[in-house]
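J.: quick one: sequence plus predicted model below, questions after.
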Amino acid sequence: MKRILTAVFSFAALAAAGSIPAAAPALAQEEMSEADLLKRGKRVFVLCRSCHTLESEGRHKVGPNLHGMFGSNAGSKDDFRYSDVVKGSGIVWSAETLEEWLVKPKDFLPGNKMAFAGVRKESDRKALITYLKKETLQDR
Ligand code: HEC
């Protein structure tokens, strides 16, 4: 219900601003189903998979295996050599912290060694996080 109200509200705001055509795709995005988010997230993960695995006991590549990351401290895989900034960050991974990290890792934790510019589109980040949540929880 809250979501519907938000959608209606933002539509009204955009309509008031005179930009109704731009409101259409934004609305469609907000209503993307879980299945669509997962499908899209899987596609976005192509950006990460040269460096990360997601499954339980998956190997580390250039970056650490990400299994079980939600709710765990950044830098907590014992056998991966993290940078000191990640290890000492005190960050707990959640949809919110991940969202910030993925916009531009270099700005979020300066000095980290993940050579990745960031995921530019907010909708891509949202889809990716939905996908990661599912894939890093489930044992495959
Ligand atoms: C070029 C290789 C590379 C790519 C591409 C890459 N990463 Fe990383 N990632 C790393 C490295 C290296 C680290 C460790 C950073 C450090 O210790 O400073 C890391 C760390 C992380 C961490 C923290 C893990 C932990 O255990 O605390 C997350 C989360 C993460 N990456 C997610 C992603 C996602 C999601 C993508 C795709 C959008 C991605 N990375 C793309 C190399 C990469």
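T.: Cool, got the structure.
J.: near the ligand, which residues of this protein? Just list them.
T.: Applying CB under 6 Å from any ligand atom, we find that the chain lies next to the ligand at 47-48, 50-52, 62-64, 66, 69, 74-77, 82-83, 86, 93, 102, 112-116, 119. Every residue, glycine included, has its C-beta placed from N, CA and C.
J.: so which of these sit within helices?
T.: Among the residues of the chain next to the ligand, the members found in helices (DSSP state H) are 86, 102.
J.: just the buried residues of the residues of the chain next to the ligand.
T.: 47-48, 52, 63-64, 66, 69, 74-75, 77, 82, 86, 93, 102, 112, 114, 116, 119 (16 or more other CB atoms under 10 Å).
J.: how about the helix or strand where residue 135 lies as PDB, C-alpha atoms only?
T.: Residue 135 belongs to helix 122-137 when assigned by DSSP states H and E. In PDB, the C-alpha atoms belonging to helix 122-137 read as follows (Å, rounded to 0.1, in the frame of the first residue of the first chain):
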ATOM      1  CA  GLU A 122      20.100   2.800  -9.600                       C
ATOM      2  CA  SER A 123      17.700   0.300 -11.100                       C
ATOM      3  CA  ASP A 124      20.600  -2.000 -12.000                       C
ATOM      4  CA  ARG A 125      22.000  -1.700  -8.500                       C
ATOM      5  CA  LYS A 126      18.600  -2.600  -7.000                       C
ATOM      6  CA  ALA A 127      18.300  -5.600  -9.300                       C
ATOM      7  CA  LEU A 128      21.800  -6.700  -8.600                       C
ATOM      8  CA  ILE A 129      21.300  -6.500  -4.800                       C
ATOM      9  CA  THR A 130      18.100  -8.600  -5.000                       C
ATOM     10  CA  TYR A 131      20.000 -11.200  -7.000                       C
ATOM     11  CA  LEU A 132      23.000 -11.200  -4.700                       C
ATOM     12  CA  LYS A 133      20.800 -11.600  -1.600                       C
ATOM     13  CA  LYS A 134      19.200 -14.700  -3.000                       C
ATOM     14  CA  GLU A 135      22.300 -16.300  -4.500                       C
ATOM     15  CA  THR A 136      24.600 -15.700  -1.500                       C
ATOM     16  CA  LEU A 137      22.100 -17.100   0.900                       C
END
